[in-house]
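**Q** For reference, the sequence and a predicted model appear below.
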Amino acid sequence: MKIKEIFSQLNIIAQCKKYSLSLWQCPQFLFLIMGIFIIGSTLTTYAVGIRYVEDPQIVALIVILAAIVLFIISVIITRSFERLAEANRMKSEFVSVVSHQLRSPLSNLKWAIELLMSGRLGKIEEKQLEYFKILKENSNRMKELVSDLLTVSRIEMARLPLKIEKCSLEEIIRQLIKEFEPFAKSSNVKIKFKPQKNLPKISVDASQIKLVIENLLDNSIRYVKEAGEVEIDLVKQDKNLYFKIKDSGVGIPKEDQKYIFQKFFRSENVMRNQTQGTGLGLYIARAIIGKLGGKIGFKSQVGAGSTFWFTFPIT
């Protein structure tokens with residue numbers, strides 16, 4: 001059993017997959033690189049030693065000591081990285097399991113609330129209906145949070161399912177605008193969509209790209225204070241399809257912009273305006289866009305709104 005474990009540790013590709021890390025972040029690969037560095041350092045020490053030290057025994061002792069010190073340092077560093085990678089893997093698995101377990105009771109809670117609100121179990125008083133609406137709204141928020149956490153855990157564990165197919169980005173955007181229309185109207189926000197004519201289809205996962213645009217559109221509407229508008233552009237640029245969404249919202253402070261794609265980050269002015277959100281939407285959007293081979297970015301100014309964009313190669 002121990003021999004099998006040793007051989008599994010030597011399988012660098014398998015270990016990288018286990019921790020869901022790229023090659024250059026994998027502890028076993030780093031140990032291999034450091035091993036090569038130790039060999040190079042040992043040979044260099046030997047070459048320098050025989051040039052300046054006459055006694056070959058002293059040279060050998062210096063070389064051995066240098067190799068031992070470097071080896072101990074590399075083992076300590078590799079073990080530290082391995083413990084961090086294992087802790088991160090366990091955290092992602094924990095989030096995934098908990099998210100899965102929470103989805104069923106939340107769905108049951110939603111159905112129960114809708115049944116009670118329907119009046120089929122008895123007459124509902126106006127005050128009771130008001131409280132049921134509050135319960136429904138909060139259960140929906142919890143379900144969105146659980147869904148986001150599950151998506152994040154899949155991204156971190158490199159288990160995000162992708163079904164690549166030809167689809168029309170314009171049709172996806174129009175469908176989402178229709179879905180968000182009630183929310184936009186209640187927020188006094190007007191959505192303008194200006195697609196270029198005869199746009200080609202692109203090879204992406206329609207459900208995942210829909211999630212990206214949904215997050216961007218939701219943020220754009222949510223961060224507009226009082227009345228405002230959201231403009232969406234979709235054009236072909238060279239060999240890419242270029243999507244841009246611009247809002248007239250609160251904007252992002254310059255000092256916060258470098259953190260905007262981090263998990264759970266929400267800028268100070270957004271918190272001050274008490275806007276709801278988990279701080280996961282933009283992290284998920286960047287991860288999906290990157291996985292699908294696209295690029296994403298933004299520009300923003302406090303009080304003047306934000307513009308987010310992404311591009312996809314046309315294949």
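**A** That came through fine. In this text the structure is predicted, and so the values were computed from the model without any measurement.

**Q** Tell me where this structure has strands.
**A** Secondary structure of the chain by DSSP state E: the strands cover 165-167, 189-195, 202-204, 228-237, 240-247, 295-301, 305-313.

**Q** What helices and strands are in contact with the fifth one?
**A** Helices and strands touching strand 240-247, by 3 or more C-beta pairs under 8 Å, 6 or more residues apart in numbering; DSSP states H and E, are helix 169-186, helix 206-222, strand 228-237, strand 305-313. Heads up, the C-betas are built off the backbone N, CA and C, glycines and all.

**Q** quick one: which of those is nearest residue 253?
**A** strand 305-313 (11.1 Å; C-beta to C-beta).

**Q** The closest one: which residues count as buried?
**A** Applying a neighbour-count criterion of 16 or more other C-beta atoms under 10 Å, one finds 305-312 buried in strand 305-313.

**Q** picking that back up, select, out of the helices and strands packed on strand 240-247, the one closest to residue 162.
**A** helix 206-222 (6.6 Å).

**Q** in the closest one, what's buried?
**A** Under 16+ other C-beta under 10 Å, the buried positions of helix 206-222 are 206, 208-222.

**Q** which other residues reach it?
**A** 151, 160, 162-163, 165, 167, 169, 172-173, 175-177, 180, 183-184, 187, 189, 191, 230, 232, 243, 245-247, 249, 275-277, 281-282, 284-285, 288-289, 291-292, 306, 308, 310 (C-beta atoms under 8 Å, 6 or more residues apart in numbering).

**Q** Centre of the chain to it, how far?
**A** Here helix 206-222 shows a centroid-to-chain-centroid distance of 13 Å under the convention C-alpha atoms, centre = their mean, to the nearest Å.

**Q** Quick check: pLDDT value at residue 188.
**A** If you check residue 188, the pLDDT there is 90.

**Q** okay, now the residue nearest to it when sequence neighbours are not counted: neighbour count?
**A** Distances taken as C-beta to C-beta, 6 or more residues apart in numbering place residue 227 nearest to residue 188, at 4.2 Å, with adjacent residues excluded. By other C-beta atoms under 10 Å, the residues close to residue 227 number 10.

**Q** is it true that residue 196 touches residue 235?
**A** Yes. Counting by C-beta atoms under 8 Å, residue 235 is a contact partner of residue 196 at 4.3 Å.

**Q** shaky segments in the stretch 51-200 of the chain?
**A** 87, 91-97, 99-100 (pLDDT under 70).

**Q** can you pull out the helices in it?
**A** Using DSSP state H, counting those that start in this stretch, the helices of the stretch 51-200 of the chain run over 56-118, 126-156, 169-186.

**Q** Format the ones you listed as JSON lines; extra columns: mean neighbour count and distance to residue 257.
**A** Shown next, in JSON lines, are the helices of the stretch 51-200 of the chain (neighbours: other C-beta atoms under 10 Å; distance: least, C-beta to C-beta, whole Å):
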{"stretch": "helix 56-118", "mean neighbour count": "14", "distance to residue 257": "26"}
{"stretch": "helix 126-156", "mean neighbour count": "15", "distance to residue 257": "21"}
{"stretch": "helix 169-186", "mean neighbour count": "15", "distance to residue 257": "25"}
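
**Q** out of the ones you listed, nearest to residue 263?
**A** helix 126-156 (6.7 Å).

**Q** State the pLDDT value of the residue nearest to residue 188.
**A** pLDDT, residue 227: 78.

**Q** Could you pull up phi and psi at it?
**A** Per-residue torsions, residue 227: phi -90, psi 150 (degrees, to the nearest 10).

**Q** From residue 13, how far off is it?
**A** 55 Å (C-beta to C-beta, to the nearest Å).
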